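**Student:** below is the sequence, then the predicted model.
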Amino acid sequence: LFPEELRRSQLMSPEPNFLILLGNRYGWVPLPEEISKEEFAMLHKAIPRLPAGVRANKKSTLNFWYRCDSNNFPRIYVLRSRMSDPEVAKKYGKITDDKGKEQDTQAWIDEQKDLWSIINEAFPPDSLNCRFGTLEAFRNKLANDPNAPLPSIVHFLASATEQEIWRGAFAVPNAGDHVLAFVREIDNVADFSQETQVFVDADQTSLQKLKATLKVHLGEKNVIEFKRAHLNRSTNEKGAPIVDVTTEHLAEMCDRVYAALEAIIEPQIKVYWGEATSQATRLAREREIEHDEHRRFRSEERRVGKECR
């Protein structure tokens with residue numbers, strides 16, 4: 001997911017270049033778009049361990065959806081697009097229901113279940129609780145390879161939001177200087193235990209571990225919590241009962257986001273321009289910036305060229 005976009009932002013943009021917004025949802029856990037040769041082998045080795053009644057056709061399902069990209073070095077396996085050809089799209093693509101809303105076909109829902117049964121056998125979901133034990137080793141790898149892959153347990157089982165945070169916060173040596181996290185906590189979730197799916201995930205353990213690790217890694221002053229939000233019962237435009245969340249905390253939150261970013265950006269502007277107070281020094285700094293951009297572009301082209309070879 002998105003590592004190239006984030007990496008480019010970290011390389012090209014002054015600080016800050018990553019802002020974290022968290023609520024009471026841990027978030028969507030996607031099928032990995034790319035997996036390594038070693039991970040692909042681990043998935044294949046997990047299939048014989050599945051119960052006999054659910055083992056059938058799992059190997060062919062895995063091979064159908066994850067295709068080897070031999071042009072990449074090292075070799076990877078890429079999740080096949082559901083729109084890759086008309087027959088695949090017809091069976092596994094999106095369909096429109098009676099209300100005009102797009103949804104997955106039952107065939108694709110079944111295929112995902114099969115893929116997740118393999119993944120969960122290879123990487124048991126409970127092992128996600130130990131994922132932060134791999135953080136130091138991951139950061140050591142990044143020192144030699146900025147594009148080092150996420151630990152497999154994170155790559156397969158963490159939410160898309162957490163995977164972004166590993167790249168944008170945990171992987172950055174000086175994250176406490178310029179990465180901020182704003183966290184909204186709903187204070188009366190227990191009163192709406194059967195009605196909070198839109199605002200609260202069932203997986204609160206993974207979310208709370210993530211928030212605790214952010215406080216350790218960024219420092220508590222950079223993890224700013226808003227605990228005044230709460231749920232209430234209301235009705236929608238058709239008069240149907242709904243549960244909604246209050247928004248009174250948003251004005252203060254926006255003000256604090258602005259103030260926190262301003263405190264980081266103002267010094268960055270001075271560093272960027274090198275205290276260029278006169279027209280001559282400003283022009284000199286502009287030339288230096290342009291030269292730096294040319295060097296960065298050349299370095300980027302060389303890196304991409306090596307990867308293509």
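**Tutor:** The structure has been received and is ready for your questions.

**Student:** can you count the residues close to A229?
**Tutor:** Neighbours of A229 under the rule other Cβ atoms under 10 Å: 20. Glycine gets a C-beta too; all of them are placed from N, C-alpha and C.

**Student:** cool, and A171?
**Tutor:** Using other Cβ under 10 Å, A171 has 22 neighbouring residues.

**Student:** likewise F132?
**Tutor:** Around F132 there are 19 other residues, counting by other Cβ under 10 Å.

**Student:** mind pulling up the pLDDT for it?
**Tutor:** F132 carries a pLDDT value of 95.

**Student:** so where is the stretch 1-150 of the chain shaky, pLDDT-wise?
**Tutor:** 1-3 (pLDDT under 70).

**Student:** which residues in it form helices?
**Tutor:** With helices called from DSSP state H, counting those that start in this stretch, the stretch 1-150 of the chain shows them at 3-12, 37-46, 52-55, 58-65, 86-92, 106-122, 135-144.

**Student:** how distant is the longest one from the center of its chain?
**Tutor:** This points to helix 106-122. Chain-centre distance of helix 106-122: 21 Å, with Cα atoms, centre = their mean, to the nearest Å.

**Student:** likewise stretch 162-171?
**Tutor:** With Cα atoms, centre = their mean, you get 7 Å for stretch 162-171.

**Student:** tell me which residues of stretch 190-210 are tucked away?
**Tutor:** For stretch 190-210, burial by neighbour count (16 or more other Cβ atoms under 10 Å) applies to F192, T196, F199, V200, D201, S206, L207, K209, L210.

**Student:** for E164, see how far away the third one is.
**Tutor:** Using Cβ to Cβ, to the nearest Å, we find F199 at a distance of 20 Å from E164.

**Student:** cool, N71 as well?
**Tutor:** Counting by Cβ to Cβ - N71 and E164 are separated by 26 Å.

**Student:** swap in D97?
**Tutor:** 31 Å.

**Student:** these two - which one has more neighbours?
**Tutor:** Ranked by neighbour count (other Cβ under 10 Å), D97 and E164 place E164 first, with 19 against 8.

**Student:** is that one in contact with L6, as I believe?
**Tutor:** Yes - between E164 and L6 there is a contact under Cβ atoms under 8 Å: 7.1 Å.

**Student:** isn't T96 up against D104?
**Tutor:** No - in this structure, T96 is not within contact of D104 by Cβ under 8 Å, at 11.5 Å.

**Student:** who has more neighbours, the two?
**Tutor:** The neighbour comparison of T96 against D104 (other Cβ under 10 Å) goes to D104, with 15 against 9.

**Student:** what bridges to that one?
**Tutor:** D104 has these beta-bridge partners by DSSP bridges: K94.

**Student:** residues contacting L218?
**Tutor:** Counting by Cβ atoms under 8 Å, 6 or more residues apart in numbering, L218 touches A169, A175, G176, V179, L180, A181.

**Student:** give me the number of residues near the closest residue to it other than its chain neighbours?
**Tutor:** Among residues not flanking L218 along the chain, G176 sits closest, at 5.1 Å (Cβ to Cβ, 6 or more residues apart in numbering). G176: 14 surrounding residues under other Cβ under 10 Å.

**Student:** and G176, what element?
**Tutor:** Using DSSP states H and E, G176 sits in helix 175-178.

**Student:** tell me how far that helix lies from the chain's centre.
**Tutor:** That offset, for helix 175-178, works out to 19 Å (Cα atoms, centre = their mean).

**Student:** ok, stretch 18-32 next?
**Tutor:** On Cα atoms, centre = their mean, the centre of stretch 18-32 falls 6 Å from that of its chain.

**Student:** in the stretch 201-309 of the chain, which spans are strands?
**Tutor:** 223-229, 231-235, 241-245 (DSSP state E, counting those that start in this stretch).

**Student:** and of the ones you listed, who's closest to N57?
**Tutor:** strand 241-245 (41.1 Å; Cβ to Cβ).

**Student:** what residues of the closest one count as buried?
**Tutor:** V245.

**Student:** given it, what are its sheet partners and their directions?
**Tutor:** strand 231-235 (antiparallel).

**Student:** how far does the strand it pairs with sit from its chain's centre?
**Tutor:** 30 Å.

**Student:** export it as PDB, just CAs?
**Tutor:** The C-alpha coordinates for strand 231-235 follow below in PDB (Å, rounded to 0.1, in the frame of the first residue of the first chain):
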ATOM      1  CA  LEU A 231     -23.000   9.400  21.000                       C
ATOM      2  CA  ASN A 232     -26.700  10.300  21.000                       C
ATOM      3  CA  ARG A 233     -29.800   9.100  19.400                       C
ATOM      4  CA  SER A 234     -31.400  11.000  16.600                       C
ATOM      5  CA  THR A 235     -33.400  10.500  13.300                       C
END
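
**Student:** for it, give the mean pLDDT please.
**Tutor:** Strand 231-235 comes out at a mean pLDDT of 88.
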